[in-house]
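Visitor: give the three-dimensional model of this entry:
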Amino acid sequence: MWNRREYRKNPDTEKRVARPNDRDDWVVREQSDLRIVSDALWTSVKKRQLEVEQSFSHTTTNRLNKAHRPQYLLSGILECAHCYGPYAIMAKDRYGCTNRKKKLPTDHLGGIVCTNSKTINRFELEERVVSAVPDNLLGADNLDRINRDIKAAVARGQQRAVVEPERLRTEITAIVTKQKAIGEKIAERLMAGHAAIPALDHMLDELEHQRLTLASQLARDAINSRTRGDTTP
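Guide: Numbering: from 1, shown residues only. All right, here's what the predicted structure looks like:
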């Protein structure tokens, strides 16, 4: 892409300022000779990047906080009732609206900064929340039901850990067989002097994308299995 922006000098600061051009003025052209990876690999990597981004994007302060344990009982689960932004520790042991402190404009408030200036002591808020939990939530009957649900979930996970890898390997083998068949077909046509068929190349790209996706899932399952301490291959 070319001509996406133009640079002009600010007469007051004598510095260059980038200004976006209209999209109609952009110059867009395909240059396949500059490609260094296949579409299948590019798609697979971008999908993985989105998965990783979703794991770290919604946090109270910065993108890496999701990799850490919550510091307080209610860390990361409170939101402002006015702007729906995160409610986090603002001063010593006091919760407040993060958007207001950072003076961030909010779209659904018309672009203004949140006006909620209320704060609350962390210990008082935690006591309110804990005291609001119904007593029967921790009753013996409810704990028995929770234990049964946990055992059933563990059993389902163990069964899946045995069946799922074999299913993925079978699908990968079937895809590789199809890729070999299509590749042989393309080679036969080229040796016979026939023109290439773009649809066959597209089928190979699609199959390679499917194979990479299944292989990535199989690798993740293997890592999760070792993390849980499973003995299944």
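
Visitor: against which helices or strands is the top helix by length along the chain packed?
Guide: In the chain, assigned by DSSP state H, the helix with the most residues is helix 140-191. Packed against helix 140-191 by the contact rule (3 or more C-beta pairs under 8 Å, 6 or more residues apart in numbering; DSSP states H and E) you find helix 198-228. Quick note: C-beta positions are derived from backbone N, CA and C, even for glycine.

Visitor: could you count how many residues lie near residue 71?
Guide: Using other C-beta atoms under 10 Å, residue 71 has 11 other residues around it.

Visitor: residue 83 against residue 112, yeah?
Guide: No: at 9.3 Å, residue 83 and residue 112 do not qualify as touching, with contact defined as C-beta atoms under 8 Å.

Visitor: now for those two: what residues contact both?
Guide: Any residue near both residue 83 and residue 112 by C-beta atoms under 8 Å, 6 or more residues apart in numbering counts here, and that gives residue 106.

Visitor: so for those two, which sits in the more crowded spot?
Guide: Of the pair residue 83 and residue 112, residue 83 is the one with more neighbours under other C-beta under 10 Å, namely 22 against 9.

Visitor: residue contacts, the nearest residue to the more buried one once chain neighbours are set aside?
Guide: Closest residue in space to residue 83, ignoring its immediate chain neighbours: residue 114 at 3.9 Å, by C-beta to C-beta, 6 or more residues apart in numbering. With C-beta under 8 Å, 6+ apart as the criterion, the residues that contact residue 114 are 80, 82, 83, 85, 97, 99, 100, 104, 106.

Visitor: relative to the whole chain's centre, how far out is the lowest-mean-pLDDT helix or strand in the chain?
Guide: Taking mean pLDDT, DSSP states H and E as the measure, the helices and strands of the chain show their lowest mean at helix 39-56, namely a mean of 77. Computed by C-alpha atoms, centre = their mean, to the nearest Å, the separation of helix 39-56 from the middle of its chain amounts to 8 Å.
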